[in-house]
Structures are given as C-alpha cells and as structure tokens.
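# My questions are about this predicted structure, shown below with the sequence.
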2 protein chains.
Amino acid sequence: MSVFENITVPELLINESIVRANIKHMAEKARQQGVAFRPHFKTHQSAEIGEWFRQEGVRAITVSSLRMASYFAAHNWQDITVALPVNLREVECINQLAAEITLGILLEDAQTTRHLDEKLLYSVNAWIKVDAGYHRTGLAWDQPEALIQCAQAIQNSRHLHLQGLLTHGGNSYHTSKDTIPTLFAESIQRMQNVKLALLAAGFQDIKISVGDTPGCCLAPTFQGADEIRPGNFVYFDAQQYQIGACTFEQIAAVIACPIIALHPDRNEVVVYGGAVHLSKDTVGIEGISTYGMVCLPEGEHWSTPITGAYVKSLSQEHGIIILPAGKIAQLSVGDLLCIVPAHSCLSADLLGSALTLDGRRIKMLSLRDA
Amino acid sequence: MSVFENITVPELLINESIVRANIKHMAEKARQQGVAFRPHFKTHQSAEIGEWFRQEGVRAITVSSLRMASYFAAHNWQDITVALPVNLREVECINQLAAEITLGILLEDAQTTRHLDEKLLYSVNAWIKVDAGYHRTGLAWDQPEALIQCAQAIQNSRHLHLQGLLTHGGNSYHTSKDTIPTLFAESIQRMQNVKLALLAAGFQDIKISVGDTPGCCLAPTFQGADEIRPGNFVYFDAQQYQIGACTFEQIAAVIACPIIALHPDRNEVVVYGGAVHLSKDTVGIEGISTYGMVCLPEGEHWSTPITGAYVKSLSQEHGIIILPAGKIAQLSVGDLLCIVPAHSCLSADLLGSALTLDGRRIKMLSLRDA
C-alpha cells in the first residue's frame, strides 16, 4: 500500500534515500576539500536524521537555538555550535550545556563578551561573528579594530576560548547561480583578511567557518575555509531549486495536502494546507511569487512540478492552488497534492514531524515540548 | 518583579484584562444585535482562554481543523463548527467527534456530500459554504443552481442536517475601514438572496452565519445574519490595527524578543525572534512592509509603537529591526523588544503557549502533541 493512502492531514513527506544521498554528497565534498563538516541541524531538527549524519562520520553540529542544542545534547551530540549571536538571557541554559558538552557560541561585541563571561561557570568555545557582506549580523570584515577588541575581550575572559571567525553568506540567496561561487570565494577572502589582522595583533590558531547551502553546493572549492556549516541541503526546497543549488531530483521533502474543494471556473483548487503548514515564505518562479511548487503523487514518489501551477495564497489552514486549465478535471476532492515548500526549514519546523515514503514517522524537536 | 525580567526566549505575552475586555465587548455586541455568537477559537487555541469565553455565556464555537475540534471537545465544548470545507480523508475523526458532540461541517458540492454521507455513522450538522465575494472557497452566491444541488444532496443524505449558509468575508482584509460596513452589509444581502432561492426551492429553516473580525468590529448592525464567527479580535494585531478594526489599546498580544546584537551604524538591532516565532506574514504600515510593530517594555505593559521602527527581515530564528537614529543608544544586548505581530493567529500558533503579564503560563493546543 502506498504511503499516500494513509495520509489524512498535511504531512511532511521525505524520501529517505534522497536525504541520505544529500548527506553523503556534502560529507564527501567536505572530506575531499579537507574541511571540517559541521552541518546545521535546524532544517531537520530530528534525532533520527541526526543518526544518518553520524553514519557519514559527522561528529560536530550546528544549531540555531540553545533549546535545539539541549535536544541534540540529550541525543548524544557532544560538540555543538549555536549559530546565533549569544542571548544573554539564557546564561543558565548555556551553563547547563557547557557542563556536559563542547559548546560553541557566537560573539560580536566586547561588552556582551564581558557580561557573559561574568556569569559563565564552565568553558565555552567562542566564535567571532563576522559580517562578510550579508549585513544581517556580525562585525564588519573591513573594520579590524572592533574585531580585535572582541577577540581581546574573549582572550581576557575566564571561560571563553577563541576558536576563530564565523560567517553566514546569506546573500547567496539573493543572487544567481553563476555569481555564487565568486561570492563564496570573496567571502572566504574577506575572512582571510580578518584572520591576518588578528594574527598580526598576536592572536593564534584562528579558524574560519563558513557555510550557506547555495555556496557549499555550487562553490568548486572551499579553499581558505576550515569548516562548513550548510543545513538546508538535507531536504533542499523550491528556493534552492530556483537558485540552482540543487536539481529537482535532489529535493527530498514535500508537503502532502488533501484537496478539499475544486473551483475549475477560476482554475483553482483548495487544499487543506495553509500558513501553519507551509509557512508564508515565498519563492519567485517564472515571475510569479508562490509558496511552493505543485506536484502530484506518482507511484511511491511525487511527480515533477505541474507546469503553470503555483500556490497563490495561504490562510491559516487552507491554500489556494492555481492549476492550468484541464488539469483540475483529473482531480477529485480527497486527492492529494504534493507541494515542494518555498523554504523547507520553516515548513519542517511547522509540521513538527516527518513521514518517510515507506510510512515511518520521524520525530522532531517540537517548540511546544518545552 | 516584572514579567519581563524572567523572559529568556521569544514569548507570546498577553494582557489578560484586554483579552477579557475584547471577549466581553464582542459578546455584548452579538447579544445587542440578537445574533448567536460562535467565536472562532483558531486564534488562541487555548482551553483556558476558552473558559474566559464561557464566562461571557459562549456555548458554541468555531475551529479550523478537526484536531482543534477534538481538543476543545475534550475540554467540554459540545457544539463545534469546523470552518473549512470538509476533508474526506478525516472521516474517522468526524465520526469519533460526531458520536460525542454536536459537530458542524462545511460542504460546497453535491458529490463530496454524497461521498461523505456514505461513510458517516452519526448525525452531523451541515453548512453550505457560500462565496459572497471573497473568492477563496464556497459556491458562488449568484449561482443558485449549484447551491440548490448541494442542499438537495444534504437533504437526501442519511446523516447530514442542513443548518444553513456560511460565509467568510475575508475580502474585508483588503479594503479600507470606511468600506468595511458596506462590504459586510453587501455580503449579508447576498446570503439573503441565496436563502430566498433555497426557500423558494422548498428548503426550510435556513440560518445565515457570517463573520470576519474587521466586519464584526466595524459593522454597525448584524441585521440579516443569525450567527457571527469572528476570531482574531481576542488578541487583534498589526493587520487589524492597520485596517482600523481596533485601537492600539485593544491589542492584547505581543511577542517579547531578546536583543542579541546592536548595529547602530545602520540603525538596526537584531533580536532573537524569527520566522519560527513571528511568522512571515506582513502588514504595510506607512508604505513599509513589516512583520510587526515595534514597542518597548514599559512598566508592567508595553509601550505604544516606536515611530519609524519596523521589522525589516526575518530568518528562521532572528529578526532585523530598524530603529530611528538615537533610539539604539538607549538599548543594550539582553534588553527586550515587544513586537505586535502582523498576524496574531499565526504567531500564537507558532509559539504554542502564552504568558500573561503576571507571569502565568497559558497552555495551547500544539500541532506537535498529535
């Protein structure tokens, strides 16, 4: 019996073979390039999928919250970097984790570094967050004074141990496939400049950690980096496909949504599957903004995207899908559509668990388990 | 001690007095207008807040999923309408609920009605979903033939009992404050036309159920309707404020977010609070698209919005806030910002629980408890 027959509500469906191939591919690229592979686990948030990474030799990971760090620490991950500027209000949680595992955190100013250190009870690894061009967080790569001050504060601390420089080249999401390798190389070059400034100021053993999924997929070389931290590649999604970071065949996750109404007069169907399942993140495909790419169940997998189909709007629980004329006549209320989400990290977070194509439930961390 | 001191991570903060006043206000308006009040519980999704409605005399409710219906049925709600076209894949859940409570569902075609009836084991109340101008779901109000066919299929069924006509005037969200009362009245008039067509075809006791929050707030009269189903008014949010459906003082919920970085050179601060806390729904305020309105903690409550401040972008866990020059100098890493979300239904759903201003945790239904 097909997995599709048992689906009653919107579900995150994953193809385990593709997930494992995506993990293996990135792990091998990192090995070939001689860099450490510290994948970001915020996309899947699952202890079980974490084990699939462990089977590829992964021992160190990245997460986006201390809560996620606690979850993976409880599942025997001993080396975790929390890739968000440190939240001073969570020092208690930092101390609990630092007592048990090798915890890495991000710092980007000297004063926060001093405030944090006053309250730390255990050793914590510190990375300086560098803004190498994305302008979201971090100290500007071309202002070495502030960087040196931050490094100095870490060196003067009781509990913090300077590991190096960390950046996230999120600007790769807003450019084209052809430009990404250049952008990635430029980002590493800027990090190297910062490193030289720190070495000149007397600091030693400065590592460089980089890693957005588009950059790590498309860059031919990681030269100049010591560590990569991509996350989204585990599933990929419509945004990555649109950027050109993956092929359609590498996409490992869709949201299966039951059809609840047909409106052929306006080429629309309504699915049970809304903003609380897909998220309101969008992707532009052929000039149209959509919440995902629309596919059909096909055998034991999903089809290629239906040409001309898109997700026009999302309410809390329902989605309006535009389909080309004629396609709706082949569908009935109760059928499923498989939607490749615009941004799989957010959809996976919303759905809170996944279902493999052979019908196995994969548990995830849940925000609401707290 | 202020509730703000104990906050460590992004939290949905609610002002219980305002929530209760919002409930009382709408319940009284419904009473004065002589219509049934069947509030939509998808916004708060909380058994405890449900009790605050019960204290105002509410006995019948609306929800947006069968799972939400099961949750509230388990909390002693005996009359629940699921305001989404029926999902044929959940017949088992419908039967479980219908065995225990008065369950209402939405139908919008004769064939689905027949397919459903074949599998029903218990009595279920049926509402015909009418499209009175929003064009999301429902049978078009001006095509009485299809409506009569659907009503006929319900009447011919073994288990379905026709209650009447139900619409959601979601188009009120895309218009201006001045236009909403006219739109609301027009929607009721269209429903009355459908009712007349059904009466002429021999159907009896046809009720009319309407109810979007902007319409129910701004319409001076509910004449012609038998029931209203607003939901968002329990908290309101930046979208409702922008439409003019509420004053700022009626907004009952914010997301408290810790500041994790300051970037005064570009008038930005970074908060711990991203797409997985606020949702990526937006609102246009003074020509700028923002994920919410930015306020400060002030005594035991939150301040009015900071003029010129907005939420520029959201990643999975962090948000970039634009603040006017000079304001950042008054802030430190570790301080809180209070963000009125663009769409409180989605933010509440994401956060999965709320905290009252006196520090009490309010539990909610969690998608991931399933």
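Structure received.
# A:Ile320 - how many residues pack around it?
Number of residues near A:Ile320 (other C-beta atoms under 10 Å in any protein chain shown) recorded here: 22. Heads up, the C-betas are built off the backbone N, CA and C, glycines and all.
# show me the contacts for it.
Applying C-beta atoms under 8 Å, 6 or more residues apart in numbering or on different chains, we find A:Ile320 in contact with A:Glu268, A:Val269, A:Val270, A:Val311, A:Lys312, A:Ser313, A:Leu314, B:Arg136.
# And the fifth one, its phi and psi?
Torsion angles at A:Lys312 (phi, psi; degrees, to the nearest 10) stand at phi -80, psi -40.
# coming back round to it: JSON lines for the contacts of A:Ile320, including pLDDT?
Shown next, in JSON lines, are those (pLDDT from 0 to 100):
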{"residue": "A:Glu268", "pLDDT": "97"}
{"residue": "A:Val269", "pLDDT": "97"}
{"residue": "A:Val270", "pLDDT": "98"}
{"residue": "A:Val311", "pLDDT": "98"}
{"residue": "A:Lys312", "pLDDT": "97"}
{"residue": "A:Ser313", "pLDDT": "97"}
{"residue": "A:Leu314", "pLDDT": "97"}
{"residue": "B:Arg136", "pLDDT": "87"}
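# mind putting the residues you listed in a markdown table, secondary structure included?
What follows is the contacts of A:Ile320, written out as a markdown table (DSSP: H, G, I helix; E, B strand; the rest coil):
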| residue | secondary structure |
| --- | --- |
| A:Glu268 | strand |
| A:Val269 | strand |
| A:Val270 | strand |
| A:Val311 | strand |
| A:Lys312 | strand |
| A:Ser313 | strand |
| A:Leu314 | strand |
| B:Arg136 | coil |
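# By neighbours, which of these wins?
Compared across those, A:Val311 has the highest neighbour count, 29 neighbours, by other C-beta under 10 Å.
# how about chain A, which residue sits the furthest from its center?
The centre of chain A is farthest from one residue, A:Asp265, which by C-alpha atoms, centre = their mean lies 39.0 Å away.
# For it, grab phi and psi.
Phi and psi for A:Asp265, reported as degrees, to the nearest 10, are phi -60, psi -30.
# and what of A:Gln239?
Dihedral angles of A:Gln239 (phi, psi; degrees, to the nearest 10) stand at phi -60, psi -50.
# in stretch A:322-339, what counts as buried?
By 16 or more other C-beta atoms under 10 Å in any protein chain shown, the buried positions in stretch A:322-339 come out as A:Ile322, A:Leu323, A:Lys327, A:Ile328, A:Leu331, A:Val333, A:Gly334, A:Asp335, A:Leu336, A:Leu337, A:Cys338, A:Ile339.
# Please give me every residue in contact with the residue in the stretch 1-150 of chain A that chain B sits nearest to.
Chain B sits closest to A:Leu88 of the stretch 1-150 of chain A, with a gap of 3.8 Å, by C-beta to the nearest C-beta. By C-beta under 8 Å, 6+ apart, the contact list for A:Leu88 reads A:Thr112, A:His115, A:Leu116, B:Pro258, B:Val333, B:Gly334.
# same thing but at 10 Å, please
Residues in contact with A:Leu88, defined by C-beta atoms under 10 Å, 6 or more residues apart in numbering or on different chains, are A:94, A:112, A:115-116, A:119, B:8, B:258-260, B:332-335.
# Looking at these, which one is closest to A:Asn125?
A:Asn125 lies nearest to A:Ile94 out of the contacts of A:Leu88, by C-beta to C-beta, at 11.4 Å.
# Average pLDDT for stretch A:59-69, rounded please.
Averaging pLDDT along stretch A:59-69 gives 97.
# Turn the contacts of A:Ile320 into TSV, including distance to B:Gly274.
Output for the contacts of A:Ile320, formatted as TSV (distance: C-beta to C-beta, whole Å):
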residue	distance to B:Gly274
A:Glu268	31
A:Val269	31
A:Val270	29
A:Val311	22
A:Lys312	25
A:Ser313	23
A:Leu314	18
B:Arg136	28
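# Please enumerate the strands of the stretch 251-370 of chain A.
Assigned by DSSP state E, counting those that start in this stretch, the stretch 251-370 of chain A shows strands spanning A:253-263, A:268-272, A:283-285, A:288-290, A:292-295, A:297-298, A:301-302, A:310-314, A:318-322, A:336-341, A:353-356, A:361-363.
# same deal with the stretch 101-250 of chain A?
Assigned by DSSP E, counting those that start in this stretch, the strands in the stretch 101-250 of chain A fall at A:102-107, A:124-131, A:139-140, A:160-166, A:207-210, A:227-228.
# Now do the contacts for the nearest residue to A:Arg158 once chain neighbours are set aside.
Nearest residue to A:Arg158, sequence neighbours excluded (C-beta to C-beta, 6 or more residues apart in numbering or on different chains): A:Asp117, at 5.8 Å. With contact taken as C-beta under 10 Å, 6+ apart, A:Asp117 is in contact with A:Leu107, A:Val124, A:Ala126, A:Ala153, A:Ile154, A:Asn156, A:Ser157, A:Arg158, A:His159, A:Leu160.
# On the pLDDT front, check the third one for me.
Read that as A:Ala126. For A:Ala126, the pLDDT comes out at 98.
# follow-up on the earlier one: which pair of the buried residues of stretch A:322-339 spans the longest distance?
Counting by C-beta to C-beta, the most remote pair of those is A:Ile322 and A:Gly334, 20.0 Å apart.
# was I right about A:Ala60 contacting A:Gly104?
Yes - if you go by C-beta atoms under 10 Å, A:Ala60 and A:Gly104 touch, sitting 8.6 Å apart.
# Between the two, which is the more surrounded one?
Neighbours were counted for A:Ala60 and for A:Gly104 using other C-beta under 10 Å; A:Gly104 has more, 25 against 17.
# Pretty sure the more buried one sits against A:Leu66.
No - if you go by C-beta under 10 Å, A:Gly104 and A:Leu66 don't touch, sitting 11.7 Å apart.
# what sits in contact with each of the two?
Jointly contacting A:Gly104 and A:Leu66 under the rule C-beta under 10 Å, 6+ apart are A:Ile80, A:Val82.
# So the residue nearest to A:Leu262 when sequence neighbours are not counted versus chain B, what's the distance?
Residue nearest to A:Leu262 in three dimensions, not counting chain neighbours: A:Val269, with 5.3 Å by C-beta to C-beta, 6+ apart. In this view, A:Val269 and chain B are 10 Å apart by C-beta to the nearest C-beta, to the nearest Å.
# same thing with A:Thr304?
In this view, A:Thr304 and chain B are 24 Å apart by C-beta to the nearest C-beta.
# Mind pulling up the pLDDT for that residue?
Reported pLDDT for A:Thr304: 98.
# can you check A:Leu331 too?
pLDDT, A:Leu331: 97.
# Then the one 4 residues further on?
Per-residue confidence at A:Asp335 stands at 98 (pLDDT).
# Isn't it up against A:Ile321?
No - contact criterion C-beta under 10 Å: A:Asp335 and A:Ile321 do not qualify, at 11.6 Å.
# what is in contact with the two at once?
Among the neighbours of A:Asp335, those also in contact with A:Ile321 (C-beta under 10 Å, 6+ apart) are A:Cys257, A:Ile259, A:Val269, A:Val271.
# just to revisit the earlier point, can you add distance to chain B and give the buried residues of stretch A:322-339 back as TSV?
Formatted as TSV, the buried residues of stretch A:322-339 follow (distance: C-beta to the nearest C-beta, whole Å):
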residue	distance to chain B
A:Ile322	12
A:Leu323	15
A:Lys327	18
A:Ile328	13
A:Leu331	12
A:Val333	5
A:Gly334	4
A:Asp335	9
A:Leu336	8
A:Leu337	13
A:Cys338	14
A:Ile339	16
